[in-house]
Structures are given as C-alpha cells and as structure tokens.
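**Student:** Provided below are the primary sequence and the corresponding predicted coordinates.
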Amino acid sequence: MCLALPALVVALLDDDHATVDLDGIQKRVSIALTPDAGVGDYVIVHVGYAIGMLDPHEAQQTLDLFAELAESQMPVEPRPVT
Amino acid sequence: MKFIDEFRDGTLAARIAARLAAEVETGRDYRFMEFCGGHTHAIARYGITDLLPTQVRMIHGPGCPVCVLPIGRIDQAIRLALTRDVMLCTYGDVMRVPASDGLSLQRAKGRGADIRMVYSAADALELARLHPERDVVFLAIGFETTTPPTALVVRQASLEGLGNFSVLCNHVLTPSAIAHILHSPDADLAGEQTASIDGFIGPAHVSIVIGYAPYEAFAHDYRKPVVIAGFEPLDVMQSILMLVRQVNQGRFEVENEFTRAVSRHGNQAAQAIIDEVLERRATFEWRGLGDVPHSALQIREPYAAFDAEKKYALDFSSVADHRQCDCGAILRGVKQPTDCRLFATVCTPENPMGSCMVSSEGACAAHYSYGRFRDIPVVSTPEPASTPATATTPAQTA
Ligand code: SF4
C-alpha cells in the first residue's frame, strides 16, 4: 500500500512534474509536494508523488554510524541458525 | 538500488545484533511495538526476530492502512458502486478486503460494478477527465503518507471544475492512534486488554510528511521512548538498539534514526495542502481499536462538492468483524497471527478472511509469507544459512 522508494531527479517537466530514475527505470512523477527538488536531488516517491527529499549526507552519516559500531566492537560469534 | 542496498548489509546486522545482546539487561523484558505495517513486513521478511535477544519482543501495531479500515467503510464503497452507477477507483490492496455478505470490492466488480484499480490519485482524476459522462469516485485510504496526493487531486478537480469527480475520504492519523493505544493500556478495549509496551518504533514515511515533533507530547506524557526508523533491516536493528538504551537509561525521548528523510517538522508543503483541503473528523471507527476521537480526516466545506459522502448522502454503519477472525486483537497487539484458528488453514492470502491477511504489510500476511516456517521445528541441522538480512530485492512499504 505505502510503497515508497528513493529516486534520482533527472529532468524537471511542466506542471510540477519531473522525470525520476528508479534503478534504471525512468518515470514521470509529481513534485508538487517537494517544490525545492531539482535535477540531481533524491526524492522519495510514493504513489506517483515525491513526498519528501532524501539527504545523501545524512544517509552517509547513518551508514558511518553502523560502520563505527562494526569496527569498535568485539568479534561477533555467528549466531546459530534456528 | 542506491540508499536501499547499503541498509541491508547482513554483516552489519549481525554486529548490531551482538551489541544488542551485550546491552540488554538480564532479568528484564523489553516489549516494543512497531507501529507501521512497513516495519512489520521488514521484521518478517528479513528474519529480524531471529537476530534479537530473547528478552526483546516485537509487537505488531495497527499501522497498516488496509487492515484498520473497518468493514462498514468498505460496505459503504461497495453499496455506492453497486447501486449508484459510479465508476469507483481505489488502490489495489483495498480490492480484496473482505466486507459484508461475502463481498469485497473485487467480488462486487464480478457482479457488474464498475470498479477500477489505480496506482495513483492522479490516475483517478484522469479517469474523470476522460469520462465526462460518468461519475467517478476515488476511494481514498491511508495514513499521512498517502494523504497529500488526495488533497492535491481534490484541489485540482476544484480548479478545473470537474463536477463528475469526488472522493470518499478515509484517511487516518498516526499520532491519534498511538495516543489511543497508550491511553488505555489497562482499559478494556472491545473486551480484551491492549498490550503493555516499553517503547515504539515510529513510522518512516508517515514521519517524512508530519515530522517527528507530533510524537513528542505522548513520549513525554506517557513516558515511552519513540525511535523514528527507516524501513530497511539495518534501520530497524539500529532503532531497537536505541530503544533498549533509552529503557536502560530510564529515558523516554523521541529519537530519529531516519535522519536521511525525516526532520522535526516534516514536509511543510505537504502539510499545507492537507490543511487547506482536509480537516479532522470528530471521531472515526478503526478495525480493532473501535471509535478513536479526532483520528481521521474529512473534506472541508469549501470543497464539499468533491466529498462523495455528501454528494451521495452516504451514512456509515458499524459492522462486526467475522467472529473467528482475530484481526482486532492482533491490531491492538494482544494476539499474534498464529493465535488465530483460521490462520494458514481457512485464511490465506489467496482467500483472506480478515484484513490482516490482505496487504503484505498486514501482520497475518507477513507471517504467512515469511515467518510461518520458523514455527515448524527443524529436525536435522541445515547448512549454515546466509544471514536473513541480505536480500536485495527492492521493496519498501509504509
Ligand atoms: S489469520 Fe485471517 S482470520 Fe485470522 S486474524 Fe488473520 S486475517 Fe483474521
């Protein structure tokens, strides 16, 4: 129901629309809800509408946090698969 | 896919699992509710339950839009489609939700009703433009994620003067539902208690729209930690760790794990259009939760011409669920899918008896598709399986 995916804006179109790239597939979506979106930005697309922007810098910071956690901790015993 | 695959790394998931195992305190239980069906789906699909220490228990919440729609609302749409000669458009998941008299929208279509599945609210509007001779009704459902597109098409229809278009608005609000669950932890809701909960995993895509500020009041008032989390497995693992830390430290704050998409105040443009077109209903019935005050939206007076409830003078009557279906208790977090006698026997995704078996975000459907085989004891030790959190098929739900 609430499928939403990050997509790259590749072109701005008329009527508050844009072409986005979803893993190689180009789609026309509405950017009426993300008026600041421009070419090169990532938006989160839900039922044909960009509902928000994705901040690549914040995404990297979250990933760094996971990586830090991975490095700083003791080696992990593989858990038995039940 | 960028910004998805990185958040599904199985090795990192195992590291976070080890951290969790090290930090949970013995002799203490942690009961966390994941509000969203999107999280329920991720937890089942990536086998996250298997990565958690035994003291941590995840409880499914009511955040599956198809699941919480009560039978009476589907009946209303079916009646409209069968008796008023309208073209009724809605999202695919709604089509198979069981309603009264053994009907669903799909079955009503088989009886000759003109019911169309659309991908987007804009598609419903386009059908109204293409068929000026027909009355087109868009059955709109969903949480705050799905609401702004509905508001946009109502405003657009008004601008274009599209007199043959209207919306049957069933949009519901997340914070009201969480507050309702917290408000009556010991009260008797429809004859059964709600689950006691130590903290919440807060919605991902809903929070993109509304921000995380709306959760601050109840985190404080009810002294429950909330962590807003993305829908990928690493997001879920990390947010469970953040919840465990809050519980251990006696904190009850709103924390944001999904910083790449969620801000404190959310998407202002989206909130503005919702506010222009829609307003809160005094009360709305949820499946499982009953009547919840101020928990849903209706179309404002200036746009009344596009409100299907007014246009067709529809009234709502409450209808009880199938007697043996435990969806209500599951949506309140007091039962699990396997507690239901119909689960995986009479009730399957191909032939759902209740709404929780319809959408992939529903607790019963998620457990049927991904979790069911864990219930069967393994006799011989299999080859070490790859960590469940490494699947890379793109799918993300809210
Ligand atoms: S298994 Fe089917 S009948 Fe049982 S609670 Fe789930 S949806 Fe309802």
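**Tutor:** That came through, no problem. Numbering: from 1, shown residues only, chains lettered A, B, ... in the order given.

**Student:** wait, does the helix or strand harbouring B:Pro149 contact chain A?
**Tutor:** Using DSSP states H and E, B:Pro149 falls within helix B:147-160. Yes - interface with chain A: helix B:147-160 contributes B:148-149, B:152 (C-beta under 8 Å from any C-beta of the partner chain). Where you see a C-beta, it was placed from the backbone N, CA and C, and this is true even at glycine.

**Student:** what's near enough to touch B:Ala44?
**Tutor:** For B:Ala44, the contact set (C-beta atoms under 8 Å, 6 or more residues apart in numbering or on different chains) comprises B:366-367, B:369-371.

**Student:** among these, which ones are in helices?
**Tutor:** Using DSSP state H, the members of those that fall in helices are B:Ala366.

**Student:** distance to the ligand and pLDDT for the contacts of B:Ala44 - can I get that in JSON lines?
**Tutor:** Listed next are the contacts of B:Ala44 as JSON lines, based on distance: C-beta to the nearest ligand atom, whole Å; pLDDT from 0 to 100:
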{"residue": "B:Ala366", "distance to the ligand": "11", "pLDDT": "88"}
{"residue": "B:His367", "distance to the ligand": "9", "pLDDT": "89"}
{"residue": "B:Ser369", "distance to the ligand": "13", "pLDDT": "86"}
{"residue": "B:Tyr370", "distance to the ligand": "15", "pLDDT": "83"}
{"residue": "B:Gly371", "distance to the ligand": "13", "pLDDT": "71"}
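
**Student:** quick one, which of the contacts of B:Ala44 are buried?
**Tutor:** Neighbour counting with 16 or more other C-beta atoms under 10 Å in any protein chain shown marks B:366-367, B:370-371 as buried within these.

**Student:** the longest helix along chain B - what's its average pLDDT?
**Tutor:** Looking across chain B with DSSP H, the single longest helix is helix B:233-249. Averaged over helix B:233-249, pLDDT sits at 95.

**Student:** just the buried residues of it, please?
**Tutor:** B:233-247.

**Student:** same question for stretch B:318-332.
**Tutor:** So for stretch B:318-332, counting by 16+ other C-beta under 10 Å, buried means B:321, B:325-332.

**Student:** ok, these vs B:Glu133, which is closest?
**Tutor:** Of all the buried residues of stretch B:318-332, B:Glu133 sits closest to B:Asp321, with 38.4 Å by C-beta to C-beta.

**Student:** three-state assignment of the closest one?
**Tutor:** Following DSSP: H, G, I helix; E, B strand; the rest coil, the label given to B:Asp321 is coil.

**Student:** got the phi and psi for it?
**Tutor:** phi -70, psi 160 (degrees, to the nearest 10).

**Student:** residues in contact with it?
**Tutor:** So B:Asp321 contacts B:71, B:287, B:327-328, B:354 (C-beta under 8 Å, 6+ apart).

**Student:** among those, which are within reach of the ligand?
**Tutor:** B:327, B:354 (C-beta under 6 Å from any ligand atom).

**Student:** can you redo the contacts of B:Asp321 as a markdown table with secondary structure, distance to B:Arg57 and pLDDT?
**Tutor:** Shown next, in a markdown table, are those (DSSP: H, G, I helix; E, B strand; the rest coil; distance: C-beta to C-beta, whole Å; pLDDT from 0 to 100):
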| residue | secondary structure | distance to B:Arg57 | pLDDT |
| --- | --- | --- | --- |
| B:Ile71 | helix | 30 | 92 |
| B:Arg287 | coil | 23 | 87 |
| B:Cys327 | helix | 20 | 90 |
| B:Gly328 | helix | 20 | 86 |
| B:Gly354 | coil | 23 | 90 |
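
**Student:** number of nearby residues for B:Ala365?
**Tutor:** 27 (other C-beta atoms under 10 Å in any protein chain shown).

**Student:** wouldn't it be in contact with B:Cys347 here?
**Tutor:** No - between B:Ala365 and B:Cys347 there is no contact under C-beta atoms under 8 Å: 9.9 Å.

**Student:** what do the two both touch?
**Tutor:** What both B:Ala365 and B:Cys347 touch, as defined by C-beta under 8 Å, 6+ apart, is the set B:Met357.

**Student:** just give me the longest strand of chain A.
**Tutor:** Assignment by DSSP state E gives strand A:4-13 as the longest strand of chain A.

**Student:** hmm, who's touching that strand?
**Tutor:** So strand A:4-13 is in contact with A:18-22, A:26-29, A:31, A:37-46, A:50-51, A:54, B:1-4, B:145, B:205, B:394, B:396-398, going by C-beta under 8 Å, 6+ apart.

**Student:** at 7 Å what do you get?
**Tutor:** For strand A:4-13, the external contacting residues (C-beta atoms under 7 Å, 6 or more residues apart in numbering or on different chains) are A:18-22, A:26, A:28, A:37-46, A:51, A:54, B:2-4, B:145, B:205, B:394, B:396, B:398.

**Student:** which among these end up buried?
**Tutor:** Judged by 16+ other C-beta under 10 Å, buried ones among the contacts of strand A:4-13: A:18-20, A:37, A:41-46, A:51, A:54, B:3-4, B:145, B:205, B:396, B:398.

**Student:** list the contacts for the residue nearest to the spatial centre of chain B?
**Tutor:** Note on chain B: the residue nearest the mean C-alpha position is B:Cys64, at 1.9 Å, using C-alpha atoms, centre = their mean. By C-beta under 7 Å, 6+ apart, the residues touching B:Cys64 are B:37, B:359, B:361-362.

**Student:** my guess is B:Gly211 contacts B:Gly266. True?
**Tutor:** Yes - B:Gly211 is in contact with B:Gly266 according to C-beta atoms under 7 Å; the separation is 3.0 Å.

**Student:** could I have the lowest-mean-pLDDT helix or strand in chain A exported to PDB, CA atoms only?
**Tutor:** Within chain A, no helix or strand scores below helix A:56-72, which has a mean of 83 by mean pLDDT, DSSP states H and E. Output of helix A:56-72 as PDB, limited to C-alpha atoms (Å, rounded to 0.1, in the frame of the first residue of the first chain):
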ATOM      1  CA  PRO A  56      22.600  11.900   1.000                       C
ATOM      2  CA  HIS A  57      24.800  13.500   3.600                       C
ATOM      3  CA  GLU A  58      22.600  12.200   6.400                       C
ATOM      4  CA  ALA A  59      22.400   8.800   4.800                       C
ATOM      5  CA  GLN A  60      26.200   8.600   4.800                       C
ATOM      6  CA  GLN A  61      26.300   9.600   8.400                       C
ATOM      7  CA  THR A  62      23.900   6.900   9.400                       C
ATOM      8  CA  LEU A  63      26.000   4.300   7.500                       C
ATOM      9  CA  ASP A  64      29.200   5.600   9.100                       C
ATOM     10  CA  LEU A  65      27.500   5.100  12.500                       C
ATOM     11  CA  PHE A  66      26.800   1.500  11.600                       C
ATOM     12  CA  ALA A  67      30.400   1.000  10.400                       C
ATOM     13  CA  GLU A  68      31.800   2.600  13.500                       C
ATOM     14  CA  LEU A  69      29.700   0.200  15.600                       C
ATOM     15  CA  ALA A  70      31.000  -2.700  13.500                       C
ATOM     16  CA  GLU A  71      34.700  -1.700  14.000                       C
ATOM     17  CA  SER A  72      34.700  -0.800  17.600                       C
END
